[in-house]
Structures are given as C-alpha cells and as structure tokens.
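Chemist: For reference, the sequence and a predicted model appear below.
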Amino acid sequence: METRYEISLNIRTLKGMETYGCFSLGNDEGFARSVFGLMQGEDLVFPSAVITIDLIKRENGVPFPLGLRHCSYEQLGCNVKVITKELFKQLNLEGGN
C-alpha cells in the first residue's frame with residue numbers, strides 16, 4: 001500500500017471549492033505534518049472562506065484529509081514560500097525521499 005502526503009491549494013468559485021495547486025511532500029508523515037504546522041492561517045474555517053490549504057494523506061490514490069486552514073492572499077504567498085523552502089531542504093540537504 002503506497003502512502004503519499006500533499007498540500008493542496010483551494011479557492012472558492014461559483015461552483016464551490018476548486019483545487020488549483022498541489023505540492024507533493026513525499027511519504028514521510030512527520031515531515032508532512034511539520035510543514036503543515038508551519039503554515040499561516042486560521043484553523044477554524046468558515047463556510048465563507050475563499051482560500052484554504054489542506055494536508056492530504058493518499059493511500060493507493062484515495063485522499064484522506066488530515067488538516068485544513070483558511071488563509072488570506074498574503075498568508076498564501078508566505079505559505080508557498082515555506083513549502084518551497086522546506087521541500088528544498090528535505091530533497092537537497094537532508095537526503096530526500
């Protein structure tokens with residue numbers, strides 16, 4: 001059974017929430033949770049939230065939500081920087097997956 005972790009970026013549209021971006025974090029749950037823990041935003045998500053970020057666990061392609069945060073446009077920019085920095089460190093400096 002293959003398990004992978006990812007952070008998805010979602011935006012509210014007229015049709016509902018749409019995923020428009022996804023970052024693959026590999027198969028290390030500790031790493032995935034630590035990166036998600038660095039994300040800016042609110043843990044309490046209201047139905048009116050426009051932007052959300054999700055931590056997803058995929059087992060054989062089936063998604064299981066592990067975390068959800070609402071964030072502003074500014075926080076989203078910071079979060080993308082954090083994800084990129086942490087992935088760079090993981091893949092290049094700490095041995096990678």
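Modeler: That came in fine, so what should we check first? Numbering: from 1, shown residues only.
Chemist: which sections of the protein are below the confidence cut-off?
Modeler: By pLDDT under 70, the low-scoring segments of the chain are 95-97.
Chemist: Please give the centre-to-centre distance between the lengthiest helix in it and its chain.
Modeler: Ordering each helix of the chain by length in residues (DSSP state H) puts helix 73-88 first. Put simply, helix 73-88 sits 10 Å off its chain's centre (Cα atoms, centre = their mean, to the nearest Å).
Chemist: Which elements pack onto it?
Modeler: Judged by 3 or more Cβ pairs under 8 Å, 6 or more residues apart in numbering; DSSP states H and E, the packing partners of helix 73-88 are strand 3-13, strand 16-26, helix 29-37, strand 51-59. All C-beta spots, glycine's among them, are computed from the backbone N, C-alpha and C.
Chemist: now the angle between helix 73-88 and the helix or strand just after the last one, please.
Modeler: Read it as strand 51-59. Using DSSP states H and E, the next helix or strand after strand 51-59 towards the C-terminus is strand 62-70. Strand 62-70 and helix 73-88 are oriented at 130 degrees to each other (axes from the mean of the first three to the mean of the last three Cα atoms, to 10 degrees).
Chemist: ok, and for strand 62-70, which residues are buried?
Modeler: Within strand 62-70, the residues that qualify as buried are 67-70, counting by 16 or more other Cβ atoms under 10 Å.
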